[in-house]
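> okay, here's the prediction I keep looking at, along with the sequence it came from:
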Amino acid sequence: MDHQLRSRIAHSDHPIAAPLSDRNVQRLLDRALRGRAGRVLDLGCGEAAWLLRALAAYPELQAVGVDLDEAALTLGRERAEALGVARRLGLHHQDAKEFKAHQPFDVVLTVGATHAFGGLLPTLTAARESLAPGGLVLIGDCFWEREPDAAALAGLGVPNADDHADLTGTVRLVTEQGWVPVLGHISTPEEWDDYEWAWAGSLAEWALDHPEHPDSAETATVAAEHRLGWLGGYRGTLGFLTLLLRRAD
């Protein structure tokens, strides 16, 4: 199955593609947009779930999203029409690394999308290029809650622990680049469990509902392997940190 289609199915019951509850998504958005409801950009927006929530809550807000998944953007546009916010939303089918803002944005979001830029620091560099002076970046990325063992690495399908630092190391990387955290949220075990059960469960249910589809058996296998890799591997080891940042300079 195409990777983008698989991701859309996996997130069908958890449209925020990160281990964050609805309450904490809204809390982070409210803090980021407080007094700044002008222009917001989401780099790697997927189906624009963050932007749709922001537009629904802030009637003066203008939003732009960028993603490579054209079908996800189409879903975002359809939902924007249904919510009555489509006129305030621009969605671009483009590699987020190549996006160039014609005007700066008051808030730049990139939660769970640092892989698109090659890591946390390159993502922050890209976000800064689109950020207005005094603006805020809301970024979410993984970190190690504890040193990963072989089972955790196998569950994630990575050869070593180099992709992430621990919590202190992650914050230090950010601050050493001149960013100041003004708010942070560490995803709870409950948020992680909700996210992982939804991810694997949505794929498993799709496979059950489409037994004649040529990708059904493969999708069921992916769901089962992912579930076991999480439960028997990285559960409690991989964390997720969302930071609201301003520049120190």
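Arrived safely, thanks for sending. Numbers count the residues shown, from 1 in each chain.
> where's the spatially most central residue of the chain relative to residue 134, distance?
Against the mean C-alpha coordinate of the chain, by CA atoms, centre = their mean, the closest residue is residue 112 at 2.8 Å. With distances taken as CB to CB, to the nearest Å, residue 112 is found 25 Å from residue 134. Backbone N, C-alpha and C define where each C-beta goes, glycine included.
> mind listing what's buried along stretch 123-137?
The neighbour-count check on stretch 123-137 (16 or more other CB atoms under 10 Å) flags 123, 124, 126, 127, 128, 130, 131, 132, 135, 136, 137 as buried.
> all strands of the protein, in order?
39-43, 62-67, 89-93, 105-111, 131-144, 179-186, 238-247 (DSSP state E).
> okay, those strands in TSV with mean pLDDT next?
TSV is the format used below for these (pLDDT from 0 to 100):
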stretch	mean pLDDT
strand 39-43	98
strand 62-67	98
strand 89-93	98
strand 105-111	97
strand 131-144	97
strand 179-186	98
strand 238-247	98
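> coming back round to it: quick one, grab the pLDDT at the residue nearest to the centre of the chain.
Per-residue pLDDT puts residue 112 at 95.
> so it versus residue 220, what's the distance?
25 Å.
> for the residue in the chain sticking out farthest from the centre, phi and psi?
Distance from the C-alpha centroid of the chain, by CA atoms, centre = their mean, peaks at residue 212 (31.9 Å). For residue 212, the backbone dihedrals are phi -90, psi -10 (criterion: degrees, to the nearest 10).
> using CSV, list the CA coordinates for stretch 132-147.
Extracted in CSV, the C-alpha atoms of stretch 132-147 (Å, rounded to 0.1, in the frame of the first residue of the first chain):
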residue,chain,number,x,y,z
ALA,A,132,7.7,37.2,11.6
PRO,A,133,9.9,39.0,14.2
GLY,A,134,8.6,38.1,17.7
GLY,A,135,6.6,35.2,16.3
LEU,A,136,6.2,31.7,17.8
VAL,A,137,7.0,28.3,16.6
LEU,A,138,5.0,25.3,17.8
ILE,A,139,7.1,22.2,17.2
GLY,A,140,6.6,18.6,18.3
ASP,A,141,9.2,15.8,18.1
CYS,A,142,10.2,12.5,19.8
PHE,A,143,12.8,12.0,22.5
TRP,A,144,14.0,9.1,24.6
GLU,A,145,12.2,8.8,27.9
ARG,A,146,14.9,6.3,28.8
GLU,A,147,17.8,4.6,27.0
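> distance from the chain centre to it, please.
Remark: stretch 132-147 is offset 11 Å from the chain centroid, using CA atoms, centre = their mean, to the nearest Å.
> same question for stretch 53-62.
Chain-centre distance of stretch 53-62: 19 Å, with CA atoms, centre = their mean.
> circling back: can you list the strands of the chain in JSON lines and add distance to residue 51?
Shown next, in JSON lines, are the strands of the chain (distance: least, CB to CB, whole Å):
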{"stretch": "strand 39-43", "distance to residue 51": "5"}
{"stretch": "strand 62-67", "distance to residue 51": "4"}
{"stretch": "strand 89-93", "distance to residue 51": "6"}
{"stretch": "strand 105-111", "distance to residue 51": "8"}
{"stretch": "strand 131-144", "distance to residue 51": "12"}
{"stretch": "strand 179-186", "distance to residue 51": "19"}
{"stretch": "strand 238-247", "distance to residue 51": "16"}
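> tell me which of those lies nearest to residue 24.
Residue 24 lies closest to strand 179-186 among the strands of the chain, at 5.8 Å (CB to CB).
> what is the closest one packed up against?
Judged by 3 or more CB pairs under 8 Å, 6 or more residues apart in numbering; DSSP states H and E, strand 179-186 is in contact with helix 22-33, helix 167-176, strand 238-247.
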